[in-house]
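Colleague: Need a 3D model of the sequence below.
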Amino acid sequence: MTEKLAGDRGYLLTEQANLHSQNLDQLSALEIVELFNQEDAKAVAAVGEVKEAIAQAITMVTEAISNGGRLFYVGAGTSGRLGVLDAAECPPTFCSDPELIQGILAGGMKAMVRSSEALEDREDDGAEAIAERNISDLDVVFGITAGGTTPYVHGALKEAKQRGAKTIFFCCVTPDQFPIQYDLEIRPLVGAEILTGSTRLKAGTATKLVLNTISTGVMVQLGKVYSNRMIDVSVTNSKLEDRAIRIICDLTSISRKDAVALLEQSGKRVKLALLMHWTKVEGSVGEQMLKVSQGNLTKALKL
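Modeller: Got it, this is the predicted structure:
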């Protein structure tokens with residue numbers, strides 16, 4: 001490993017030069033695309049190498065949420081934006097409470113559209129963000145930092161740990177480059193970036209893959225999916241209403257006209273509509289059945 005000097009992050013895997021892209025500035029547009037495609041495949045493979053840790057994260061978060069806890073993604077720059085994005089996409093996809101999965105970004109929501117890179121160096125700000133949200137031993141805090149060193153993220157994770165929360169750490173460097181400190185660590189080793197140090201590329205791709213898998217896996221285990229359909233989809237626009245109707249048609253084999261009527265009778269709740277159809281109960285009874293089964297349709301059908 002390269003000798004570490006004060007402030008020098010050149011030893012990190014994410015900061016090293018990629019031998020395959022040394023002539024990047026001389027490539028044609030098609031050659032650039034081909035190179036990206038080859039390197040992006042490495043990000044997918046790297047995520048596969050840490051599948052056990054990702055599965056552990058799904059179990060950890062599911063247990064926390066089942067016991068009244070929440071999941072918080074914490075990051076700066078690309079890492080933080082991807083956390084905010086994943087959190088924001090859960091309510092429309094799974095009709096989940098927006099408080100259930102939240103993204104914390106260094107610099108706040110303004111940093112989603114305008115870079116505030118200097119703010120990632122403030123460890124105290126990360127700790128303060130945790131304190132402001134009253135994070136407790138019921139919660140899980142998921143820190144995301146491609147190179148593993150972002151002070152804002154570590155400030156948040158350390159404060160979360162002191163409060164008894166479970167901590168998950170995501171980075172794309174090896175333990176010898178940044179040692180283990182938290183309850184669970186996910187380290188997809190994507191290798192050096194095509195554009196040296198630009199971790200919005202392969203590291204960002206790996207981050208998106210991992211967060212997609214974890215949040216979706218958690219929602220599956222919480223009973224928000226039946227077969228491979230999003231039965232808790234929030235019907236808030238014409239596209240989602242069409243999807244809801246098609247889900248009902250696909251799973252019940254009834255006509256689209258009947259599916260529209262059933263969806264209306266259920267208050268535009270796909271899960272309830274399916275339960276009403278399969279058990280022939282009224283909406284109020286179906287709601288009670290789902291309450292008893294903690295929202296799990298499969299369990300409700302067995303009552």
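Colleague: Now tell me what touches stretch 296-303 from outside.
Modeller: Stretch 296-303 has contacts (Cβ atoms under 8 Å, 6 or more residues apart in numbering) with 222-223, 226, 231, 271, 274-275, 278-279, 286, 289-290, 292-293. In short, each C-beta sits where N, CA and C put it, glycine included.
Colleague: which one of the residues you listed sits closest to Glu39?
Modeller: Distance to Glu39, by Cβ to Cβ, is smallest for Leu222 among these, at 34.9 Å.
Colleague: Identify the residues contacting the closest one.
Modeller: Contacts of Leu222 (Cβ under 8 Å, 6+ apart): Thr62, Ile65, Ser66, Gly295, Asn296.
Colleague: ok, now with 7 Å
Modeller: For Leu222, the contact set (Cβ atoms under 7 Å, 6 or more residues apart in numbering) comprises Thr62, Ile65.
Colleague: ditto for the one 10 residues further on
Modeller: Contact criterion Cβ under 7 Å, 6+ apart gives Phe94, Cys95, Lys224, Lys271 as the residues in contact with Asp232.
Colleague: go on, Ala55?
Modeller: By Cβ under 7 Å, 6+ apart, the contact set of Ala55 is empty.
Colleague: How about the helix or strand hosting it, which residues are buried there?
Modeller: Taking DSSP states H and E as the definition, Ala55 sits inside helix 51-66. Residues Ala53, Ile54, Gln56, Ala57, Ile58, Met60, Val61, Thr62, Ala64, Ile65 are the ones in helix 51-66 that count as buried (16 or more other Cβ atoms under 10 Å).
Colleague: In TSV: those, plus distance to Ser21.
Modeller: Shown next, in TSV, are these (distance: Cβ to Cβ, whole Å):
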residue	distance to Ser21
Ala53	28
Ile54	28
Gln56	34
Ala57	31
Ile58	34
Met60	36
Val61	36
Thr62	39
Ala64	40
Ile65	41
